[in-house]
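Peer 1: Provided below for reference: sequence and predicted model.
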Amino acid sequence: MSSSNAADSRTRDGSVPALGPEKRPGEAAETGGRTWRITTTCGCTASGYLPDWAEADPSETGVLLEELPTLLADMNHWARFLGQRLPVACDGEEGQETEVFRTSIDCNPYVGGPLPRMPVVNIKIVGNYWMHALSPPALAEVAAKLRAHAALLDDEVRPRLVAAREDWLGRHAT
């Protein structure tokens, strides 16, 4: 596959994922670190940097060539952090322990549109759920859990996001 065939997968800055002869899975990229690799049924490959913090490798083999642009556009490097479990109620139901504020670091390197291409944090907030009739001790427990989650965001997630962004920018500087 020539780079002209990958034009549909160009990033906003005009770059395309590396294309070339197939390499062994997990083989380091020329710049060091991990590499993802997608191999098409015609034997063409696309590959790129796989950050150390990414929890999954999007590598695939046997992909139809016409599916490659979609796979690249949908690619997501991610790391997940557990949310807090709190008793929340929805639509008048009794409160049930539900995970709220689940957090992730996400990077979609080849996405089109307004989404950022470098690592960002996303926080899943439970919608239309309530905590009803909290007594002072129950409110104190919720406050303690929220402080614990804020500490997780400050002490673990934010430093990892800063490191992920520095790493990403260092590998994608033009």
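Peer 2: Structure's in. What do you need?

Peer 1: Next secondary structure element downstream of the longest helix along the chain?
Peer 2: In the chain, with assignment by DSSP state H, the single longest helix is helix 136-152. Downstream of helix 136-152, the next assigned helix or strand under DSSP states H and E is helix 158-171.

Peer 1: what's the angle between that following helix and helix 136-152?
Peer 2: Interaxial angle, helix 158-171 versus helix 136-152 (axes from the mean of the first three to the mean of the last three CA atoms, to 10 degrees): 20 degrees.

Peer 1: what's the burial count for residue 109?
Peer 2: Residue 109 has 21 neighbouring residues, counting by other CB atoms under 10 Å. Placement of C-beta: from N, CA and C, glycine included.

Peer 1: quick one: contacts for the residue nearest to residue 128 when sequence neighbours are not counted?
Peer 2: Once flanking residues are discounted, residue 128 sits nearest to residue 90: 5.9 Å by CB to CB, 6 or more residues apart in numbering. Contact analysis of residue 90 by CB atoms under 8 Å, 6 or more residues apart in numbering lists 128, 129, 130.

Peer 1: beta partners of residue 90?
Peer 2: Beta-bridge pairing of residue 90 under DSSP bridges involves residue 129.

Peer 1: Quickly note the distance from it to residue 70.
Peer 2: Going from residue 90 to residue 70 by CB to CB, to the nearest Å gives 35 Å.

Peer 1: before we move on, what about residue 122?
Peer 2: The gap separating residue 122 from residue 70 is 22 Å, by CB to CB.

Peer 1: Kindly report the same for residue 38.
Peer 2: 11 Å.

Peer 1: same check, this time on residue 42
Peer 2: Residue 42 is 16 Å from residue 70, where distance means CB to CB.

Peer 1: Between those two, which is the more surrounded one?
Peer 2: Neighbour count, other CB under 10 Å: between residue 42 and residue 70, residue 70 has more, with 13 against 9.

Peer 1: picking that back up, which of the residues in the longest helix of the chain are buried?
Peer 2: Going by neighbour count (16 or more other CB atoms under 10 Å), the buried part of helix 136-152 is 149, 152.

Peer 1: Output it as PDB, nothing but the C-alphas.
Peer 2: Taking C-alpha atoms only, helix 136-152 is exported to PDB below (Å, rounded to 0.1, in the frame of the first residue of the first chain):
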ATOM      1  CA  PRO A 136     -25.800  13.700  58.300                       C
ATOM      2  CA  PRO A 137     -23.700  10.500  58.600                       C
ATOM      3  CA  ALA A 138     -24.700   9.400  55.100                       C
ATOM      4  CA  LEU A 139     -23.800  12.900  53.700                       C
ATOM      5  CA  ALA A 140     -20.400  12.600  55.500                       C
ATOM      6  CA  GLU A 141     -19.800   9.200  53.800                       C
ATOM      7  CA  VAL A 142     -20.600  10.700  50.400                       C
ATOM      8  CA  ALA A 143     -18.300  13.600  51.000                       C
ATOM      9  CA  ALA A 144     -15.500  11.300  52.100                       C
ATOM     10  CA  LYS A 145     -16.000   9.200  49.000                       C
ATOM     11  CA  LEU A 146     -15.900  12.300  46.800                       C
ATOM     12  CA  ARG A 147     -12.800  13.500  48.500                       C
ATOM     13  CA  ALA A 148     -11.200  10.100  47.900                       C
ATOM     14  CA  HIS A 149     -12.100  10.300  44.300                       C
ATOM     15  CA  ALA A 150     -10.800  13.800  44.000                       C
ATOM     16  CA  ALA A 151      -7.500  12.500  45.500                       C
ATOM     17  CA  LEU A 152      -7.400   9.800  42.900                       C
END
